[in-house]
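>>> Following is a predicted model, sequence given first.
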Amino acid sequence: MIPSGNRTGRCHKMPGKNGEPVKQPLKPKKFPERKCIGCGERKKKTDLIRIVRSPEGEISLDFTGRKPGRGAYLCHSVACFRAARKAHRIEQNLTPGASVPDAVYDTLEEELKKNDA
Ligand SMILES: [Zn+2]
């Protein structure tokens with residue numbers, strides 16, 4: 001009797017005729033870190049609010065993190081906001097030599113209070 005084992009091993013042969021590179025397993029993505037302008041702690045970007053100065057010089061809040069322009073980051077914390085406002089950190093970071101309108105600060109504070117609640 002001939003042993004019945006099939007030893008040709010063809011069943012798992014890779015096609016590979018396109019010569020595609022083997023996909024690498026995705027590396028764990030490192031979260032970009034940013035420094036809060038209120039408390040100075042480094043946190044994940046996603047844990048911070050981005051305040052952005054557009055190329056036109058307009059200050060606004062960026063909840064998507066995708067607005068163009070220069071950004072400053074703040075924790076979702078009214079305390080950090082107040083510290084940053086008191087020390088004029090937003091100006092220092094985004095509008096050196098100019099001032100940030102109170103309306104921007106007020107909007108920001110409102111948003112943070114919402115998040116705090
Ligand atoms: Zn903070």
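Good, I have the coordinates.
>>> Could you list every helix and strand that the longest helix along the chain packs against?
Scanning the chain for the helix with the most residues, using DSSP state H, yields helix 102-116. Judged by 3 or more C-beta pairs under 8 Å, 6 or more residues apart in numbering; DSSP states H and E, helix 102-116 is in contact with strand 48-53, strand 59-62, helix 78-86. For glycine as for every other residue, the C-beta is placed from the backbone atoms N, C-alpha and C.
>>> Identify whichever of those lies nearest to the ion.
Among the helices and strands packed on helix 102-116, helix 78-86 comes nearest to the ion, with 3.3 Å by C-beta to the ion.
>>> The closest one: which residues count as buried?
Buried residues in helix 78-86, counted by 16 or more other C-beta atoms under 10 Å: Val78, Cys80, Phe81, Ala83, Ala84, Arg85.
>>> so which of those are also by the ion?
Near the ion, judged by C-beta under 5 Å from the ion, the entries from the buried residues of helix 78-86 are Cys80.
>>> Quick one, grab the pLDDT at the most centrally placed residue in the chain.
When C-alpha atoms, centre = their mean is applied to the chain, the residue found nearest the centroid is Lys45 (3.7 Å). With respect to pLDDT, Lys45 scores 88.
>>> burial count for Glu56?
7 (other C-beta atoms under 10 Å).
>>> lowest-confidence stretch among the helices and strands packed on helix 102-116?
strand 59-62 (a mean of 88).
>>> for that one, packing partners?
Under the contact criterion of 3+ C-beta pairs under 8 Å, 6+ apart, strand 59-62 touches strand 48-53, helix 102-116.
>>> which residues sit against it?
Around strand 59-62, the neighbours that count as contacts under C-beta atoms under 8 Å, 6 or more residues apart in numbering are 49-54, 67, 71, 90, 94-95, 100-101, 104, 107-108, 111.
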